[in-house]
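[1] One predicted model, sequence on top.
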Amino acid sequence: MKNKIKYPIILYIALLFLISSVKGICQNNVSEINVLTLENRLMFGNYLYKEHDYLRAINEFHDYLRFENNDTIRFKAADCFHKMGRLDEAADNYKGLFFNSTLMSEARLAYIKSKFDERQFASFRNLVVQKTNFAEKYTHEIFRLKNITYLLDNTFLPERNEFIESFPQNYRTDIENFYNRKLHPEYKSPVYASILSAIIPGAGKIYTGNIGDGITSLLFTGVLSYLSYTNFDNDHKTRAWVFTGLAGYFYAGNIYGSAASAHIYNADVNFTYKSDLEQFLNSVNYFLPEFGFLK
Amino acid sequence: MISSISAQYNLEYQYNLAERLFTAGDYYDAITEYKRLIFFDSEKKYSYEANFKIGQSYKAGAKLDESIKYFSIALQNSNERELEFNTKIEIIKVNILRRTTLRAFELLKDLESSFRTTEKRNKITYWKGWTYIFQNEWALASIEFQKLDNCKELINICEFVEGEKYSVLFAKLISYILPGSGQFYTGEYLSGTMSLAWNFLLGYYSINAFVEERVFDGIVISNLLWFRFYRGNYQNAEKFAKNKNNKLYNKQLEYLQKNFIGDKP
């Protein structure tokens, strides 16, 4: 009798065990993945980071960092802010890695780069000179960044040889070229252009490369002056004064236009220089190392 | 065992979560959850739906380039003709919205050659009409809508715009003949009067100079002054007509956006 009761119970227990085992196997099935485990959030965050979806990547990284301390992920979160141009938040996040971190030096370098990206170059140079929270490991890179600021803002350039030698050998020709363009920009003088146009209408515009405008100015001013002369000569006083007024107006406009043309020319020189320089610096990543742990 | 089951976040649950967010209009979070779903969906079971919904979410957030990117990925993952058609239509709608209408027409032409049923043809015609609207070709849009049933409202709007709009060519032409008349035609009376007066005065001076045999004066006054005002007159008439038309088009598009109940891009 006892055995009759025992067997069904054993059978039931065995069946329960079997079901739970089968369930355990099913947990590995793709349709039952726990996507919100820490590990999975991290994997998803890294995927978003690679896809350049930085805003969403930050959320994943921050949720991961609430439970796990991981310097690489802290760095990546800061880098996300940096790449989105949220420089203050990037700097604050880099600061969190300044002490007791394996990525201390890298964080300090990235912090310096975030300060560089603020484009307040005078205060940036002060920051580098003061060497506060300085990354000794990347001294060359940081001083190179400081030197780059001289090419980008309106201060005087440092001594040529010392400046150029701070850059890698194979890029020194390019750097020297930018150094020369900064030192001797091919500007046109607005004063000189105005004087030229005052002597020969349109000459100032031709000097700044606007040949068509220059010839038009010469023709307009010349023809109107001639008309005023002939009208005075033939005693058509009213018309003569109208043409004199017009000639004076075009003459003054031609002088003003030449000065403006020189300013526009100079602005174009500045723009081309900065655009070429930025393109070059981006192509060499501002001479900063690429960190393998970010890939 | 119960606790292990409750801890499960299966992909179906993830899909439903993303769907709920999408339905609630929380597009930012919906995109995150659809992307999470795609990342963990190794069997690509939800590839089509998730990418399609990401495309729709980006579209709702006016990120049209991103929207097209995800609709295109969805298109690659569509394994049914119906899904392929619907996705292509979505891509066309986004192209209409971002005013890349030439691309929209290319895609519509491509659809026309692939799908030949009446139902599909009607849809293609419908979206061709909308493409014309966004190309400011309201008359052509009306012709397309007339091929379909139940497009009365759209036809009326297209015909209203066509009737109300100013003819840019006409404005320019009458300004050639009588300076200022193009401005009068577009309702810019002050500008028209000024234009007429300047042209009359300078025309008189020029002709008078020739009559009095002051040929050089005549050439200079007519070239340097009269013709400049004459050119300004017809250019202004053209500009006024275009500006007024653009205002009319934008007003009607706004009306369609807010009040039209049927399918719209």
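    Arrived safely.
[2] I figured residue B:101 hits residue B:133, correct?
    No. Under the criterion of Cβ atoms under 8 Å, residue B:101 makes no contact with residue B:133, lying 9.5 Å away. To be clear about C-beta, it is placed using only N, CA and C from the backbone, and glycine gets the same treatment.
[3] which of those two has more neighbours?
    It is residue B:133, of residue B:101 and residue B:133, that has more neighbours when counted by other Cβ atoms under 10 Å in any protein chain shown, with 27 against 20.
[4] OK, contacts around the more buried one?
    Contact partners of residue B:133, counting by Cβ atoms under 8 Å, 6 or more residues apart in numbering or on different chains, are B:141, B:158, B:253, B:256.
[5] my read: the last one touches residue B:265, true?
    No. When contacts are counted by Cβ under 8 Å, residue B:256 is not listed as touching residue B:265 (9.6 Å).
[6] Please say which of the two ends up with more neighbours.
    residue B:265 (20 against 17).
[7] Test my guess that that one contacts residue B:134.
    Yes. Under the criterion of Cβ under 8 Å, residue B:265 lies in contact with residue B:134, with a separation of 7.4 Å.
[8] Now do the shared contacts for the two.
    B:96, B:97.
[9] Against residue B:218, how distant is residue B:79?
    Distance of residue B:79 to residue B:218, given as Cβ to Cβ, to the nearest Å: 78 Å.
[10] Looking at the two, which one has more neighbours?
    In this view residue B:79 and residue B:218 are compared by other Cβ under 10 Å, and residue B:218 has more residues nearby, 19 against 8.
[11] thought that one was touching residue B:206?
    Yes. Using Cβ under 8 Å, residue B:218 and residue B:206 qualify as a contacting pair, with a distance of 5.5 Å.
[12] Pull the distance from stretch A:189-199 to the chain's centre.
    Chain-centre distance of stretch A:189-199: 37 Å, with Cα atoms, centre = their mean, to the nearest Å.
[13] in that stretch, what's buried?
    The neighbour-count criterion (16 or more other Cβ atoms under 10 Å in any protein chain shown) identifies A:190, A:193, A:194, A:195, A:196, A:197 as the buried residues of stretch A:189-199.
[14] Equivalent analysis for stretch B:181-193, please.
    Within stretch B:181-193, the residues that qualify as buried are B:181, B:182, B:183, B:184, B:185, B:186, B:188, B:191, B:192, counting by 16+ other Cβ under 10 Å.
[15] Output it in PDB with nothing but the alpha carbons.
    Output of stretch B:181-193 as PDB, limited to C-alpha atoms (Å, rounded to 0.1, in the frame of the first residue of the first chain):
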ATOM      1  CA  SER B 181       1.500  96.700 -64.500                       C
ATOM      2  CA  GLY B 182       3.000  93.400 -63.200                       C
ATOM      3  CA  GLN B 183       3.100  94.900 -59.700                       C
ATOM      4  CA  PHE B 184      -0.500  96.100 -60.100                       C
ATOM      5  CA  TYR B 185      -1.500  92.600 -61.100                       C
ATOM      6  CA  THR B 186       0.000  91.200 -57.900                       C
ATOM      7  CA  GLY B 187      -1.600  93.800 -55.800                       C
ATOM      8  CA  GLU B 188       1.500  95.900 -55.100                       C
ATOM      9  CA  TYR B 189       0.100  99.200 -56.100                       C
ATOM     10  CA  LEU B 190       2.700 101.600 -54.500                       C
ATOM     11  CA  SER B 191       5.600  99.700 -56.100                       C
ATOM     12  CA  GLY B 192       3.700  99.600 -59.400                       C
ATOM     13  CA  THR B 193       3.100 103.400 -59.300                       C
END
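[16] what does it rub up against?
    Outside stretch B:181-193, the residues that touch it by Cβ under 8 Å, 6+ apart are B:166, B:170-175, B:180, B:195-196, B:233-234, B:236-238, B:240-241, B:244.
[17] So which bits of the stretch 151-265 of chain B are right by chain A?
    Within the stretch 151-265 of chain B, the residues that sit near chain A (Cβ under 8 Å from any Cβ of the partner chain) are B:216, B:217, B:220, B:224.
[18] who wins for most neighbours among the residues you listed?
    Each of these was scored by neighbours using other Cβ under 10 Å; the highest score is residue B:217's, at 22 neighbours.
[19] Now do that residue, the pLDDT please.
    You'll see residue B:217 listed with a pLDDT of 81.
[20] before we move on, the earlier item: of the buried residues of stretch B:181-193, just say which sits nearest to chain A.
    residue B:191 (23.6 Å; Cβ to the nearest Cβ).
[21] Name the residues of the helix or strand hosting that closest one that come out as buried.
    Element membership of residue B:191, judged by DSSP states H and E, is helix B:189-211. Residues of helix B:189-211 classed as buried by neighbour count (16+ other Cβ under 10 Å): B:191, B:192, B:194, B:195, B:196, B:198, B:199, B:202, B:203, B:205, B:206, B:209.
[22] after the strand or helix carrying residue B:85, next one along is what?
    Take DSSP H and E as the rule and residue B:85 turns out to sit in helix B:81-97. Where DSSP H and E defines the elements, the next helix or strand beyond helix B:81-97 is helix B:101-114.
[23] Can you give me the neighbour number for residue B:64?
    When counting by other Cβ under 10 Å, one arrives at 18 neighbours for residue B:64.
[24] I meant to write residue B:140 there.
    If we define neighbours as other Cβ under 10 Å, then residue B:140 has 17 of them.
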